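1. give me the fold of what follows.
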Amino acid sequence: MVRFANQGHKIFAIDVGNKDEAIAWAKRLKQNQDLISDVFAIKIGLLDVIHHGLSIINQIGSEAGLPVICDLKLAEIPTIAKDIAKKVADAGAFGIVIQGFVGEEVLKMVQEATKESGLKIFLVSEMSHEPHGGFTHLHLEAIADIAKRYKVFGIIGPGNRESRLKIISEIIKDSDVRLIAAGIQKGTNDEENARKAGANLFIEGHIIREALEKNSVHSIEQPENQVRPIIKILGIFIIVGSLIAYLLSDKWLELGALGSIAVSGGFALTSCIISLFVNRKHNFFR
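-> I've put the predicted structure just below:
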């Protein structure tokens, strides 16, 4: 089932290749109302699909309650690209990322495959990891023009190169094509500069993950984190029990063995109830 994107301006690149970790991040995002309102969609990568199959799309989407973009950076011949796009659409994806350098024939076939499903096409203009865009640097204008003529949902450009985004923005300015800035780096002005250059959406991974770690209302509990409160509570039992034994040491002989056990057990149970109450109310043991 395709989920519709909200009005946020960020695309959360989970891209971790580990199903449990990806789902944990999706859950954590859903729990954080401040951050999720800024997120337009979630992006998973080829590594996620290779490891876990296309079913990961719906699993991540269900946990986050957001649409999922399948970033395959598809570069195939037209007929195969069409079949792949169909399968991605059937898996419930909101969008698919394909390479712009594959040309118009591939784009035509993919669009044909997405008519009924409404799968959105995200076209890569040039990559953000190379200083000068690599081979596609020479064909940026042509790829941006294809994006405009075929009315794709969005064109992805290098968020760390403002000048390249400006070129794309100028070409698509009279269309509904969204300019998406990828490769936004932490501790830089990349997002601000990309916005000035005309970008509408921003792909971020580490930045959002760090924000979730700092601001999550409910962190995802790992098994070892669930054990720590119990250990601490048991520690309190020992301390309280020792104190009781010390205070009542001169009277235990009068109470007898069964009486002694009953008294110490009662105090231990009371301590347990109080400790659990404090932990639940104030997260005291976390």
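2. tell me which residues touch Ile44, please.
-> 14-15, 22, 56-57, 60, 68-71 (C-beta atoms under 8 Å, 6 or more residues apart in numbering). (Glycine included, C-beta is placed from N, CA and C.)
3. again with Leu140
-> Going by C-beta under 8 Å, 6+ apart, Leu140 touches 125-126, 133, 164, 167-168.
4. for Thr79, see how far away Ile44 is.
-> Separation of Ile44 from Thr79 (C-beta to C-beta, to the nearest Å): 25 Å.
5. can I assume Ala199 sits in a strand?
-> No - using DSSP: H, G, I helix; E, B strand; the rest coil, the secondary structure at Ala199 is coil, not a strand.
6. what about the residue lying closest to it once chain neighbours are set aside, which SS state?
-> Leaving aside its sequence neighbours, Ala199 sits nearest to Ala181 (C-beta to C-beta, 6 or more residues apart in numbering; 4.1 Å). Three-state call for Ala181 (three-state DSSP): strand.
7. so who does Ala181 touch?
-> Ala181 is in contact with 156-159, 165, 190-191, 194, 197, 199, 201-203, counting by C-beta under 8 Å, 6+ apart.
8. which residue ranges of the stretch 101-250 of the chain form helices?
-> 104-114, 140-149, 162-172, 190-196, 206-215, 223-248 (DSSP state H, counting those that start in this stretch).
9. could you report the distance from Ile14 to Phe94?
-> Distance from Ile14 to Phe94, by C-beta to C-beta: 14 Å.
10. typo on my end, Gly8
-> Between Gly8 and Phe94 the distance is 13 Å, computed by C-beta to C-beta.
11. of these two, who's got more company?
-> Using other C-beta atoms under 10 Å, the more surrounded residue of Gly8 and Phe94 is Phe94, with 26 against 17.
12. just checking, the more buried one touches Pro67?
-> Yes - counting by C-beta atoms under 8 Å, Phe94 does reach Pro67; the two are 3.2 Å apart.
13. partners of the residue nearest to Ala199 in the sheet?
-> Beta-bridge partners of Ala181, counted by DSSP bridges, are Gly157, Phe202.
14. and it, how far is that from His9?
-> According to C-beta to C-beta, Ala181 stands 10 Å off from His9.
15. what's the answer for Ala147, then?
-> Counting by C-beta to C-beta - Ala147 and His9 are separated by 19 Å.
16. and what of Lys19?
-> Shown here: Lys19 relative to His9, a distance of 27 Å by C-beta to C-beta.
17. swap in Gly187?
-> Distance from Gly187 to His9, by C-beta to C-beta: 20 Å.
18. those two: who's more crowded?
-> Per other C-beta under 10 Å, whichever of Gly187 and His9 has more neighbours is His9, with 14 against 6.
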